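here is a sequence together with a model predicted from it:
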There are 6 protein chains.
Amino acid sequence: MNSSLSRFGVPETLTDLPADIRDTILAVQEKAGFVPNVFLMLAHRPDEFRAFFAYHDALMEREADTLTKAEKEMIVVATSARNRCLYCVVAHGALVRIYSKDPLLADQVAINHRTTPISERHRVMLDFALHCGLDVGELTDDWEARLAAVGFTRDDIWDIGAITAFFGLSNRLVTLTGTPPNPEFYMLGRVPRDKR
Amino acid sequence: MNSSLSRFGVPETLTDLPADIRDTILAVQEKAGFVPNVFLMLAHRPDEFRAFFAYHDALMEREADTLTKAEKEMIVVATSARNRCLYCVVAHGALVRIYSKDPLLADQVAINHRTTPISERHRVMLDFALHCGLDVGELTDDWEARLAAVGFTRDDIWDIGAITAFFGLSNRLVTLTGTPPNPEFYMLGRVPRDKR
Amino acid sequence: MNSSLSRFGVPETLTDLPADIRDTILAVQEKAGFVPNVFLMLAHRPDEFRAFFAYHDALMEREADTLTKAEKEMIVVATSARNRCLYCVVAHGALVRIYSKDPLLADQVAINHRTTPISERHRVMLDFALHCGLDVGELTDDWEARLAAVGFTRDDIWDIGAITAFFGLSNRLVTLTGTPPNPEFYMLGRVPRDKR
Amino acid sequence: MNSSLSRFGVPETLTDLPADIRDTILAVQEKAGFVPNVFLMLAHRPDEFRAFFAYHDALMEREADTLTKAEKEMIVVATSARNRCLYCVVAHGALVRIYSKDPLLADQVAINHRTTPISERHRVMLDFALHCGLDVGELTDDWEARLAAVGFTRDDIWDIGAITAFFGLSNRLVTLTGTPPNPEFYMLGRVPRDKR
Amino acid sequence: MNSSLSRFGVPETLTDLPADIRDTILAVQEKAGFVPNVFLMLAHRPDEFRAFFAYHDALMEREADTLTKAEKEMIVVATSARNRCLYCVVAHGALVRIYSKDPLLADQVAINHRTTPISERHRVMLDFALHCGLDVGELTDDWEARLAAVGFTRDDIWDIGAITAFFGLSNRLVTLTGTPPNPEFYMLGRVPRDKR
Amino acid sequence: MNSSLSRFGVPETLTDLPADIRDTILAVQEKAGFVPNVFLMLAHRPDEFRAFFAYHDALMEREADTLTKAEKEMIVVATSARNRCLYCVVAHGALVRIYSKDPLLADQVAINHRTTPISERHRVMLDFALHCGLDVGELTDDWEARLAAVGFTRDDIWDIGAITAFFGLSNRLVTLTGTPPNPEFYMLGRVPRDKR
């Protein structure tokens, strides 16, 4: 048991895990080159592991009306930073850089999206995400109009709110367990592939 | 589409829903006597519906080390009240009353668990739930000792934190969509069964 | 001395109380069927008892320009809930139900008046009450215009602000003394009279 | 009507006021040399005027177990400053100076009692007053022990809490109505009588 | 070493201080009639002393486009009061009174500039100062328009923001060291010169 | 004038700047390989430029009793992140990485130093820095004991507090002017020198 990855312990080997969970972990390792710590942390509770990643995929792998993969990850970074969750800021910051191909965007969004030169669409999107995440805010007519004015459909709005809500759950689990981000995440996407 | 139950609409009939979702809804209707609105709200997104209730059941129907069903629902009510989520306070307040057989406990926990004559175990449990839910707080040695002193195991602590995190997600979805509690919930458990 | 009703003790019998205070208590008992605990708590200080109820009656029994009895009690419940005062939420929640004949309104207003389907008049009224109660807010031209637009006169505005201020005092006294609501209050007004 | 003293107007002359209110106003004018504006503001509502000053006198003119007149006024100034109520800070700051014979104490307490060289008794007293006033806090065993350790009886504690609660009401009324302090208050007690 | 003027001690005599610092202190004593304690506190660190007063003079002795000396001091008092720094409120409150020739203005601005009858120019100026000081706020187009509408140039806006920032530094140093205001400051400017 | 580096404009060329300021800028360019934008922003006000960097150097280049260069920069990053100042987090994050030779430390400290595996010395140091920076807190006996227990001298404590205060000023200036960090800062120190 490696308690440095979770106060509740993580499996010493993958051998004793349920087969589907082991397969999921091996698949992500194959794809990323390492096992993100949150997979090991959640393996402590197989049913919750399954539900967590089913929910994650339902939101993050769903093809949205207009919300892009980069925008989804910007929402995760901005709200996780306000929840002061290092794991999600670092892991999803890597995805912001990869999807947006902008090596600076993740840090800008994490520290202060209001003073960063992003588009009006992105500013309103992140304002609304923080409204949902920090204020447990409702969708008023006023918000709906502001979001529509920058091109979001009603289903995009559901996505923004639901992603914020889901990662609020994730932030709380990761902070509860004390799970750190893998060191590999910190550098991902900072240097163009051809320069490395 | 009945927009009064969700800004994103709910299905007009159950006919067009995926079979498993329809079955889930019919089963809860059979058991409760009515369909809790959150089932209809989430039916807008079948994959998220499935993940949400899988997660819910993994936490709430799991047999905990020492955490009782009534205690789980007290956690939901106390944290949802601080997130100002009427649906969860009213629906899970009914469950607090039913499981605890105490018709006053839900209102007490919703408004102020600190000034309510509950046990030290319950006070520490709810203090920790608010630490996780409002402050996105970590599990320190100090918290672990305080929780152990009132009888909670480490897996109980995971449950307290995870239930808080999951209902923080639920609070945000319900507030986003504007879903109200069914009127039936308000009275459940307030009057002893034999008196009704 | 029954210290469970106040950390400062309450009279064991009414016999030794000043006659006017005893009469007031007997009158409320006659009317309500029980003695609300706040009367016993305040009997510890007869002069303050007299001033408190004189002030209470000056505000709550005064015929306002347009503010109704139900509206006055909604103000008490919404602001007391934000001050996390169980006594006032439960006792005046009963009065909200009785005066409004709506068994759900008190819980809705206590948890979140913003996400509840109340009238615009009630929404502005409670927004202003929270402005006075939580922010110690001033009456600006802007507020006066917003309140006038939903039908409130200037004297109604005084009433809204003064009721909020008075129950802020009450919330603090009740929380200081640890006085719980009488169990009878919880059910009042939840079931139509003819059904009981 | 002089609207600069209250948004709700004040009486143009004392002639039309109820006799008891006129007498009260004339008496304070006789004693202070001017009519404090809060008397004129409250004259708009005679019943509330009577209850307000009855409550005020019950607390402030009551002989406490050990709480002195200067201490009572320090409580008013410290809590009113946090509520940002200019009237109460200035008017009761004058009384702090007069009763304590310390021309600097009121300003010190208004701005920051924590960084001011006051006694431990005064520091705990003001900490508790802010606990009651800002946090609507309860009297726990811990607070009672801390207060007893610096010499306060249980009835002193009631006084501290009740004075805080009453002036929280006063702060809200004065802010609602926009009533300014009389210019005379600002200088009172700043210069020793024999030097003027 | 007089530790009552700073937790870090102040020089017992001026003799051992660097000549330029001694000269600065003697000059201010000559002008004010006493040595403001902040000069003695900062003498603990000569290089920081020099930089602090160089910065102070660059902002406060610079001739602004339209910002007056009284307005500069109002900014200091309003922001220092919110930082609860007694030294700066009292010392610069004296300067507000002297420059504005209004003996009441400093107390009004310290407690609540929103409920005080100041000009719209002063209200917007102080709103913006608090935006910079408390919220670490940015200068948006909206703020620039509001400030321009009451006569401030762009360089005035820099001055408002920079003065707020500089005194935020000062507030933190003075609070860290526990340096009290000199008693002389409290009365300065309260009585017209010819009346003293 | 390049307004993207400051809302108040920056010099188009260095030619017209005062010689000492031009020399300072050329020296930093020589050393860093680029001109950090804050130098250009402050060049708008030569006297403030001089005082700012004199103060900066007095604190940051001073040899402290035990406080290291890496620790000083950790203080800057932790407090600037809470003030949501992107410039200071990114520029001084680079210095944290360079001085500590730890490529991950800056991001950890920026997002949440409480959940990061740093030493007890660093945790107490950053707790105190946030006490000074966010709460404008005083140095109590309790804080002094906690800081001494992890090896800080009294002069180290002055340094921690003064660095926090100075960068609070810097955060406010940079946010006011909208000055972004130079892109070069983001990558500095992330890759070992011999690997680049």
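Looks like it came in fine. Numbering: from 1, shown residues only, chains lettered A, B, ... in the order given.

what are the phi and psi angles of residue A:12?
Backbone torsions for residue A:12, taken as degrees, to the nearest 10, come to phi -70, psi -40.

and if you look at residue A:75?
According to degrees, to the nearest 10, residue A:75 has phi -60, psi -40.

now do the helix or strand harbouring residue A:20: which elements does it pack against?
Applying DSSP states H and E as the criterion places residue A:20 in helix A:19-32. Contacts defined by 3 or more CB pairs under 8 Å, 6 or more residues apart in numbering or on different chains; DSSP states H and E place helix A:19-32 against helix A:37-42, helix A:46-60. For glycine as for every other residue, the C-beta is placed from the backbone atoms N, C-alpha and C.

rebuild those as TSV, extending it with distance to residue A:128.
Formatted as TSV, the helices and strands packed on helix A:19-32 follow (distance: least, CB to CB, whole Å):
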stretch	distance to residue A:128
helix A:37-42	26
helix A:46-60	16
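
what's the most buried one of the ones you listed?
helix A:37-42 (a mean of 22; mean count of other CB atoms under 10 Å in any protein chain shown).

ok, and what's touching that helix?
With CB atoms under 8 Å, 6 or more residues apart in numbering or on different chains as the test, helix A:37-42 has contacts from A:2, A:5-6, A:8, A:10-11, A:24-25, A:28, A:48-49, A:52-53, A:87, A:91, A:170, A:173-174, A:177, A:179-182.

stretch A:154-167 now?
A:55-56, A:59-60, A:62, A:64-67, A:72, A:75-76, A:79-80, A:88, A:92, A:125, A:128-129, A:132-133, A:139, A:143-144, A:147, A:152, B:7-8, B:44-45, B:48, B:168-170, B:172-173, B:176-177.

off-centre distance for that stretch?
Chain-centre distance of stretch A:154-167: 12 Å, with CA atoms, centre = their mean, to the nearest Å.

so which bits of it are buried?
Neighbour-count burial for stretch A:154-167 flags A:155-167 (criterion: 16 or more other CB atoms under 10 Å in any protein chain shown).

so can I have TSV of those residues showing pLDDT?
Below are those laid out as TSV (pLDDT from 0 to 100):
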residue	pLDDT
A:155	98
A:156	98
A:157	98
A:158	98
A:159	98
A:160	98
A:161	98
A:162	98
A:163	98
A:164	98
A:165	98
A:166	98
A:167	98
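
can those residues go into JSON lines with extra columns for distance to residue E:101 and secondary structure?
Formatted as JSON lines, the buried residues of stretch A:154-167 follow (distance: CB to CB, whole Å; DSSP: H, G, I helix; E, B strand; the rest coil):
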{"residue": "A:155", "distance to residue E:101": "63", "secondary structure": "helix"}
{"residue": "A:156", "distance to residue E:101": "59", "secondary structure": "helix"}
{"residue": "A:157", "distance to residue E:101": "56", "secondary structure": "helix"}
{"residue": "A:158", "distance to residue E:101": "61", "secondary structure": "helix"}
{"residue": "A:159", "distance to residue E:101": "60", "secondary structure": "helix"}
{"residue": "A:160", "distance to residue E:101": "55", "secondary structure": "helix"}
{"residue": "A:161", "distance to residue E:101": "56", "secondary structure": "helix"}
{"residue": "A:162", "distance to residue E:101": "60", "secondary structure": "helix"}
{"residue": "A:163", "distance to residue E:101": "58", "secondary structure": "helix"}
{"residue": "A:164", "distance to residue E:101": "54", "secondary structure": "helix"}
{"residue": "A:165", "distance to residue E:101": "57", "secondary structure": "helix"}
{"residue": "A:166", "distance to residue E:101": "61", "secondary structure": "helix"}
{"residue": "A:167", "distance to residue E:101": "57", "secondary structure": "helix"}
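
what is the most widely separated pair among those residues?
A:155 and A:167 (18.5 Å; CB to CB).

domains in chain A, by residue range?
A:14-61, A:69-187 (automatic domain parsing).

buried deepest among the ones you listed, which one?
Taking mean count of other CB under 10 Å, domain A:69-187 is the most buried of these, at a mean of 21.

quick one on the thing from earlier: could you dump the helices and strands packed on helix A:19-32 to TSV with mean pLDDT?
Formatted as TSV, those follow (pLDDT from 0 to 100):
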stretch	mean pLDDT
helix A:37-42	98
helix A:46-60	98
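
centroid-nearest residue for chain A?
residue A:76 (4.3 Å; CA atoms, centre = their mean).

helix or strand: which one has the residue lying closest to it once chain neighbours are set aside?
Nearest residue to residue A:76, sequence neighbours excluded (CB to CB, 6 or more residues apart in numbering or on different chains): residue A:92, at 4.1 Å. Element membership of residue A:92, judged by DSSP H and E, is helix A:86-100.

assign a three-state SS to the nearest residue to residue A:22 once chain neighbours are set aside, would you?
The shortest distance from residue A:22 to any non-neighbouring residue, by CB to CB, 6+ apart, is to residue A:14 (4.8 Å). Using DSSP: H, G, I helix; E, B strand; the rest coil, the structure places residue A:14 in coil.

please list all residues in contact with residue A:14.
Neighbouring residues of residue A:14 by CB under 8 Å, 6+ apart: A:22, A:25-26.

could you do residue A:78 as well?
Residue A:78 touches A:109-110, A:113, A:126, A:129-130, counting by CB under 8 Å, 6+ apart.

residue of chain A nearest chain C, please.
When distances are taken as CB to the nearest CB, chain A reaches nearest to chain C at residue A:138, 5.3 Å away.

before we move on, what SS does that residue have?
coil.

got the residues of chain A near chain C?
Contact residues (CB under 8 Å from any CB of the partner chain) of chain A with chain C: residue A:138.

what pLDDT does the residue in chain A that chain E sits nearest to get?
Relative to chain E, the nearest point of chain A is residue A:115 (5.3 Å; CB to the nearest CB). Looking at residue A:115, its pLDDT reads 92.

mark which of the contacts of residue A:78 are part of helices, please.
A:109-110, A:126, A:129-130 (DSSP state H).

now the domains of chain A as CSV including distance to residue F:100?
Shown next, in CSV, are the domains of chain A (distance: least, CB to CB, whole Å):
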stretch, distance to residue F:100
domain A:14-61, 23
domain A:69-187, 14
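
residue D:97: which of the ones you listed is closest?
Per CB to CB, nearest to residue D:97 of these: domain A:69-187, 43.3 Å.
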